[in-house]
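> need a structure here:
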Amino acid sequence: MLHNIPSEYKSGAIRLLQFLVYAKRPLSLSEAIEVLATQIDQEPRGFDVDGRLCQKVDVLRYCPSLVIIAEVTNYAGTVEELHLAHFSVKEYLLKQAKFDLESASIVITRTCLTYLSDIGSNCRIIRSDFPMARYAAEYWTEYAVSAETSEDIVRTTVSFLRDETTFQRWCRLYQADRPWIDEPGPPRASRLYYACLGGLSWAARDLTTEGADVNAQGGYYGNALQAASSKGHLEVVQILLDKGAGVNAEGGQYGNALQAASFNGKLKIVQLLLDKGADVNAQGGYYGNALQAASFNGKLKIVQLLLDKGADVNAQGGLYGNALQAASHKGKLKIVQLLLDKGADVNAQGGEYDNALQAASFMGHLQIVQILLDKGADVNAQGGNFDNALQAASCRGHLEIVQILLDKGADVNAQGGYFGNALQAASSKGHLEIVQIFLDKGADVNTQGGEHGNALQAASCMGNLEVVQLLLDKGADINAQGGFYGNALRAASSEGNLEVVQLLNLNGAKMMSRKRSNSINVGERTKLPRL
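Here you go, the predicted structure:
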C-alpha cells in the first residue's frame, strides 16, 4: 500500500498516517492539513501557512486508498474528519517500519512542538486560525513519554518548556491539570510541575539538574510530587524524592501526595511514599486523609496497605467525615467490611451525610445498610443533609431500605433535614408506595417543617397528583399554612400543576394572601411566577 504513495508526498504521507494510527481522538480534516504543512524534515523546522493544501480533498492524493474523508456530527455540529479507510489499513501499517510506537511518537512529538512553537502568540487568533493548536497542546506530552528514548526529543522538550514564549503559549491553550477549562490563562505552576504531570521523566531529570525547585508550590495538585503521584508516574516520583521533594508537602486538590496516589489507585507509588516517610494519617485535601480517599474510590489493596501501616480507621475530616462513610456512600462493600473488621465506629459522626447509615441509605446500597445495622448502627441517628437515614432513603425512593429501617425501629415521624420528615420527602418525590407505608405506620399527615411546610404542599408543588389524593384521603389539612409557598394551593398554582389545583379546589382549598406577595387568581395562567 505504501508503495502507491507518490515519492514527492511520501514523507508527509507517512507522518500523517502515523498521526492517524496513534491518534488520541479522530483528526479533523483541517488538523490533518496542518500536519502536512508542518516542516520537520529539514532545518529550519516550522509551520508553513502557505504550505496548506488549497483544496481539502487534495489530502487524499497523499495517501491514495489508505484514507477517507468522513462527515461526522457531534455536539459542535458536522465536521469533516480524516479516517483510515479500513481497520485492516491500521493492521497493515503497524507491521511496517516507522510505525512502531516509539518511532511514530518521536515524529508526532516533533511535529506538535514545531507547530506550537511557530504559530504566533495571540491565543485568540491561534484558536480561530490554527486548527491543530488544541490537539497539539493537549496531547504532545502523551506522545513525548513514548519518545523520550530520543535525546533530540528530550532536548526539544526541555527547550520548549524553558522558552518563556512557547511555555506561556502552551499553557494558555491547554493545562493538563485543568482540562475542563477552554481558556486556562497563564501557567499556574512551574515548568517542572507540568513536566512531572505529563510523566516526562527525562525532562524532569534535566530540569532538576538545571536547578528547578522540586518543592515549588502551584497548580491544581499543589506541587510536582502530588501531580506525578496522582497520575501514576512512578519514575518521576522517584526522581523528585531523590532530588529532595518533601514527601509530606501540603496543598493541592488532595492535600498531599499520599492521598493523591491512594485515591487514584497507584499502589506502587503509595508503597514508595510510605517507604520514604509519608505520614499515613496526614490531614488535608478533599478527602481529609489517604484512607478516606482510597475507601471512597474502592481501592481495596491500598486501604489494606494503609491500615497495615497504621492508618487511623476512624480519622475524621474530608467530604465524608471518615473512611466508613465514604465507602458506604460509594457502595464499596468489601471495604466497608474491612473497615468494620478493623474497628471503624459504625456511628461515627461528621461529613456530608453525618453517618455511614444515612450515606448508604441515600445511595440505595441495600447490603451495606444491612451490614451497618447488624453492626449496631443507630437507625435514628440525626444529622447531615437529610437528618436521618429514613428521610434519605425516602427521598430517593429506595423501598427495600425504607422497609428495613422501619423494621429496625426507625421513627417514622422523626423531624429535621431538608424535607422536615420522611413523609414529606417521599411526597415531594412522588414515591406513592412509600407514602402509603408511612401512613400505615402512623406518620402524622399534617406534621409541619421542612422546605415545603408539610407533605401536602410538597406533593402539590411537585405535581404528584396521586400522592396529593392519598394525603387528602388520609386527612391532610388542605389549608395548612407554612413552607415556601404558604399552602398547598399556592404551591400547585405557582408551579403550574393545573390538575392538582383542580383537585385542591374540589376539596375546598382556599387561596390565602401572604404578606410578601400579591394575591393570585388560580388558573390565571399556565405557569404562575414563583412566590
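
> OK, contacts around Ser103?
For Ser103, the contacting residues are Gln18, Ala97, by Cβ atoms under 8 Å, 6 or more residues apart in numbering. C-beta coordinates here come from the backbone N, C-alpha and C atoms, glycine included.

> hmm, I was thinking of Ile108
The contact partners of Ile108, by Cβ under 8 Å, 6+ apart, come to Arg15, Gln18, Phe19, Tyr22, Trp140, Tyr143, Ala147.

> in the chain, which residue is closest to the centre?
Centroid-nearest residue in the chain: Trp180, 9.8 Å away (criterion: Cα atoms, centre = their mean).

> against Pro131, how distant is that one?
For Trp180, the distance to Pro131 equals 21 Å [Cβ to Cβ, to the nearest Å].

> please apply the same query to Glu400.
Using Cβ to Cβ, Glu400 is found at 53 Å from Pro131.

> go on, Thr208?
Taken as Cβ to Cβ, the span from Thr208 to Pro131 is 35 Å.

> mind checking which of those two has more residues around it?
Thr208 (21 against 18; other Cβ atoms under 10 Å).

> re earlier: so which of the contacts of Ile108 belong to strands?
Using DSSP state E, no member of these sits in strands.

> what subset of the residues you listed is buried?
Burial by neighbour count, 16 or more other Cβ atoms under 10 Å: within the contacts of Ile108 this picks out Arg15, Gln18, Phe19, Tyr22, Trp140, Tyr143, Ala147.

> which stretches of the stretch 201-350 of the chain form helices?
Counting by DSSP state H, counting those that start in this stretch, the stretch 201-350 of the chain has helices at residues 201-209, 224-231, 234-242, 257-263, 267-275, 290-296, 300-308, 323-330, 333-341.

> out of those helices, which gets nearest to His452?
Among the helices of the stretch 201-350 of the chain, helix 323-330 comes nearest to His452, with 25.8 Å by Cβ to Cβ.

> got a list of contacts for that closest one?
Helix 323-330 is contacted from outside by 287, 289, 291-298, 303, 313, 315, 318-320, 335-336, 339-340, 344-346, 348, 350-353, 355-357, 359-360, 362-363, 365, 368, 372, using Cβ under 8 Å, 6+ apart.

> buried subset of the residues you listed as a PyMOL selection?
The PyMOL selection below is limited to those of these classed as buried (16+ other Cβ under 10 Å):
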select buried, resi 287+289+291+292+293+294+295+296+297+298+303+313+315+318+319+320+335+336+339+340+344+345+346+348+350+351+352+353+355+356+357+359+360+362+363+365+368+372
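
> what's downstream of the helix or strand encompassing Ala13, the next helix or strand?
In this assignment (DSSP states H and E), Ala13 forms part of helix 10-21. Sequence order places strand 27-28 as the next helix or strand after helix 10-21, per DSSP H and E.

> what's the mean pLDDT across the next helix or strand after that next one?
Sequence-wise, the next helix or strand downstream of strand 27-28 (DSSP H and E) is helix 29-36. Averaging pLDDT along helix 29-36 gives 96.

> swap in stretch 296-307?
For stretch 296-307, the mean per-residue pLDDT is 99.

> residues in contact with it?
For stretch 296-307, contacts defined as Cβ under 8 Å, 6+ apart pick out 262-265, 267, 270-271, 274, 280, 287, 290-291, 294-295, 313, 320, 323, 326-327, 329-330, 332, 334-335, 338-339, 342.

> mind checking the SS state of the residue nearest to the centre of the chain?
Three-state assignment for Trp180 (DSSP: H, G, I helix; E, B strand; the rest coil): coil.

> now for Leu82: which residues touch it?
Going by Cβ under 8 Å, 6+ apart, Leu82 touches 16, 20, 26-29, 31-32, 59, 67-70.

> pretty sure it sits in a strand.
Yes. Per three-state DSSP, Leu82 lies within a strand segment.

> excluding its backbone neighbours, what's nearest it?
Ala32 (4.3 Å; Cβ to Cβ, 6 or more residues apart in numbering).
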